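**Student:** quick one: sequence plus predicted model below, questions after.
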Amino acid sequence: MMASRTYEHAAGAAPVGAFQAILLAFPVALFPAALLSDIAYLNTAVIQWSNFSSWLLFGANVFTGIVTAWAIIAAILGRGRGARTWVLPGLLLVLFVAGVLDSFQHSRDGWHSVGTLGLVLSILCTLLAFAAAFMAHSRTGISGRAA
Amino acid sequence: MKITALLASSLALAVAACAPGSDPSLDQTGSDPDLPELRDALVPTLEIPTPAGWDGELPTVPEGYTVMPIARDLKIPRQTLVLPNGDILVAEGRGGYAPPMRPKDIIAGVLKGRGTSSVEGGDRIRLLRDEDGDGQTDLQTTFIDGLNAPYGLAFVDGTLYVANQDSLLQFPYTQGATRIEAPGRELSPLPAVLNHHWTKAMTASPDGSRLYVGIGSNSNVGERGMDVEENRAVIWEIDRATGASRIYASGLRNPTALSFNPATGQLWAVVNERDEIGPQLVPDYLTSVRAGGWYGWPYSYWGQNVDPRVMPRRPDLVRTAIRPDYALGSHVAALGVDFATDGGLGGAFSEGAFVGQHGSWNRSDPSGYKVVFVPFSGGRPAGRPIDLVTGFLHDGHARGRPVGVTFDAPRGALLIADDVSNTVWRVTRTGQTRTARR
């Protein structure tokens, strides 16, 4: 079973699924990186860590925005069925909103650029990014969207 | 992508709507301004009035006073100086080269660019001469060329001093000259790393032995790290004979104009304070400058009010912070100061200091955009600031933005450099006959 599913996926879903996977790789990599550099800033008060976070969040938000728009359009065009269709776009939308808020938080100056709110948002974004990617990739595999 | 853009912009709007407004009942001028609680909004307020023409109109002055332009189409005029023969020098230029550090800097840079003149800075000094004493300019020449964002000007003993954004130059001057070809000799280099705040304000001590140069900070509140703040947010004292420099006072975020109080012989400065902790924090101020004094930046504001954005904290330093003498209002961006001498402009404008206010970008209700007069008595500020020249802000557009102010005592005139309409304005008493010349 596993083998045939993998084969199906690779053969049919590749163009769409792979593109989505590439887009999703950015938030998956960048939000946790921002969280790590936030932690480094809170531990050291060396401002460059906060600057790193700002740029990491900027990149994460751009790609989250694109993949969110994509997911919403795909849901509208009815690529799936039932309430589950909206779980992934909904999750991505929450991630995008939280990411943009985190970016605004990081545009504050000095010590206020991270703070409790920044740390909480970065943790939230990291968890949501993992959750969204996990859902997107396992759904592709299980439902066999290629067929 | 459209959906993304829509989402992002509506989110930004929703967040911006939470930005704090101003409380008009707060009195933010004088020696004891009302200071609200510190509130740093998630999206900093940027309200940038775009430039507009004067369309033949003039700035507003009180009854009994006259204002007129004496030079137009300049290239970003900043500060002026009156030579002994009455010729007026105008420093023109645009400085600073701090690279963007965060996405925010790029966005703010684009937005702020919309509020400035599109003219390229002249990097030169212009000379304005009034041949017949009617106040109007009859001859205009390029006095010194090829400078690097000149701002502070001083004249002592036949020598002209020009503070570029990176160095203090001296030029020999002969009476009546309309151009100096000789290259300047460097008296002292000036701190020039990044130059986030690039203006180098300057004045000479009354006895002419020393020059004082204002050097602004390299950030709003230390967010580029404190390493780049070495020799920043300070006033330097430079020995005119040797060029030796020392820090005269520190903790002054951006000392944009300096002048000696004729009544006390003390150095005074206007200082631009920090942004992004609310529309009514922190008031920009006018203060006497004590030798060796520390005025709070970045660790505290208006004396000992701690700014929590600066980490690590320095309670040991904050305990020593000096409270400034006189608040001018939050975000008014005071860029010019000069004392009235010889009776000033008369009436309410006889004794005190003229202050040019460039105008705010960091609050939704604009402040500044005018020239005020702070009345003094016995060498100290006494009373509320009085509007002298207004009307720069009109229908939400900036027709002009005042920078340097210079009181031309022999002719009883106030000169105002305006870096949006690229004009020098001259204010006098209406019908006055005092046009002494040469």
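**Tutor:** Cool, the structure landed.
**Student:** okay, now the unreliable bits of the stretch 301-438 of chain B?
**Tutor:** B:433-438 (pLDDT under 70).
**Student:** for it, which segments count as strands?
**Tutor:** Using DSSP state E, counting those that start in this stretch, the strands of the stretch 301-438 of chain B run over B:305-306, B:326-330, B:334-339, B:352-357, B:370-377, B:380-381, B:386-389, B:393-394, B:397-398, B:402-408, B:413-418, B:423-429.
**Student:** would you turn these into TSV with distance to chain A?
**Tutor:** (C-beta placed from N, C-alpha, C; glycine too.) Shown next, in TSV, are those (distance: least, Cβ to the nearest Cβ, whole Å):
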stretch	distance to chain A
strand B:305-306	11
strand B:326-330	16
strand B:334-339	21
strand B:352-357	23
strand B:370-377	28
strand B:380-381	30
strand B:386-389	32
strand B:393-394	27
strand B:397-398	25
strand B:402-408	25
strand B:413-418	30
strand B:423-429	34
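**Student:** those: which one's closest to residue B:215?
**Tutor:** Proximity to residue B:215 (Cβ to Cβ) singles out strand B:334-339 among the strands of the stretch 301-438 of chain B, at 14.8 Å.
**Student:** strand partners (parallel or antiparallel) of that closest one?
**Tutor:** Here strand B:334-339 is paired, per DSSP bridges, with strand B:352-357 (antiparallel).
**Student:** with mean neighbour count added, can I get the strands of the stretch 301-438 of chain B in TSV?
**Tutor:** Converted to TSV, these look like this (neighbours: other Cβ atoms under 10 Å in any protein chain shown):
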stretch	mean neighbour count
strand B:305-306	16
strand B:326-330	26
strand B:334-339	26
strand B:352-357	27
strand B:370-377	22
strand B:380-381	18
strand B:386-389	20
strand B:393-394	20
strand B:397-398	18
strand B:402-408	26
strand B:413-418	27
strand B:423-429	22
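**Student:** tell me which of those strands lies nearest to residue B:220.
**Tutor:** The nearest among the strands of the stretch 301-438 of chain B, by Cβ to Cβ, is strand B:326-330 at 14.0 Å.
**Student:** residue B:390 versus residue B:350, what's the distance?
**Tutor:** 20 Å (Cβ to Cβ, to the nearest Å).
**Student:** is it true that residue B:412 touches residue B:431?
**Tutor:** No - contact criterion Cβ atoms under 8 Å: residue B:412 and residue B:431 do not qualify, at 11.7 Å.
**Student:** which one's more surrounded, those two?
**Tutor:** residue B:412 (21 against 7; other Cβ atoms under 10 Å in any protein chain shown).
**Student:** how near is that one to residue B:31?
**Tutor:** For residue B:412, the distance to residue B:31 - Cβ to Cβ - is 29 Å.
**Student:** same question for residue A:61.
**Tutor:** 46 Å.
**Student:** so those two - more neighbours on which side?
**Tutor:** Comparing residue A:61 with residue B:31 by other Cβ under 10 Å, the one with more neighbours is residue A:61, at 27 against 13.
**Student:** wait, which of the strands of the stretch 301-438 of chain B is closest to residue B:234?
**Tutor:** Closest among the strands of the stretch 301-438 of chain B, using Cβ to Cβ: strand B:334-339, at 17.5 Å.
**Student:** tilt between the closest one and strand B:326-330?
**Tutor:** If you take axes from the mean of the first three to the mean of the last three Cα atoms, to 10 degrees, strand B:334-339 sits at 150 degrees to strand B:326-330.
**Student:** so how far is residue B:316 from residue B:194?
**Tutor:** Counting by Cβ to Cβ - residue B:194 and residue B:316 are separated by 27 Å.
**Student:** who has more neighbours, those two?
**Tutor:** residue B:194 (19 against 8).
**Student:** list the contacts for that one?
**Tutor:** By Cβ atoms under 8 Å, 6 or more residues apart in numbering or on different chains, residue B:194 lies in contact with B:96, B:97, B:98, B:218, B:224, B:228.
**Student:** contacting residues around the strand or helix carrying residue B:202?
**Tutor:** Using DSSP states H and E, residue B:202 maps to strand B:200-204. Identification of contacts with strand B:200-204 by Cβ under 8 Å, 6+ apart yields B:79, B:151-156, B:161, B:163-165, B:168, B:190, B:210-215, B:240, B:255-260, B:267, B:269.
**Student:** please enumerate the helices of chain B.
**Tutor:** For chain B, applying DSSP state H gives helices covering B:2-16, B:103-113, B:315-318.
**Student:** which residues touch the residue in the stretch 151-300 of chain B positioned nearest to chain A?
**Tutor:** At 4.2 Å from chain A, residue B:223 is the closest residue in the stretch 151-300 of chain B, using Cβ to the nearest Cβ. Residues in contact with residue B:223, defined by Cβ under 8 Å, 6+ apart, are A:47, A:109, A:110, A:113, B:101, B:309.
**Student:** and the furthest pair within those residues?
**Tutor:** Pairwise over the contacts of residue B:223, using Cβ to Cβ, the maximum falls at B:101 and B:309, 15.1 Å.
**Student:** the two - which one has more neighbours?
**Tutor:** Using other Cβ under 10 Å as the criterion, residue B:101 and residue B:309 rank with residue B:309 on top: 23 against 20.
**Student:** surely the more buried one is in contact with residue A:50?
**Tutor:** No - here residue B:309 lies out of contact with residue A:50, judged by Cβ under 8 Å, at a distance of 11.1 Å.
**Student:** and the strands in the stretch 1-150 of chain B?
**Tutor:** Going by DSSP E, counting those that start in this stretch, the stretch 1-150 of chain B shows strands at B:65-71, B:77-82, B:88-92, B:124-129, B:139-144.
**Student:** out of these, which comes closest to chain A?
**Tutor:** strand B:77-82 (26.4 Å).
**Student:** what are the contacting residues of the closest one?
**Tutor:** By Cβ under 8 Å, 6+ apart, strand B:77-82 touches B:71, B:88-93, B:126, B:150-155, B:199, B:201, B:257, B:335-336, B:403-404, B:406, B:408, B:410, B:415, B:417-419, B:422-424.
**Student:** and the average pLDDT for that strand is what?
**Tutor:** Here strand B:77-82 scores 98 as its mean pLDDT.
**Student:** what angle do it and strand B:423-429 make?
**Tutor:** Using the same axes, to 10 degrees, strand B:77-82 lies at 50 degrees relative to strand B:423-429.
**Student:** so which bits of chain A are right by chain B?
**Tutor:** A:45-48, A:51, A:54-55, A:58, A:65-66, A:68-69, A:72-73, A:93, A:96-97, A:100-101, A:103-113 (Cβ under 8 Å from any Cβ of the partner chain).
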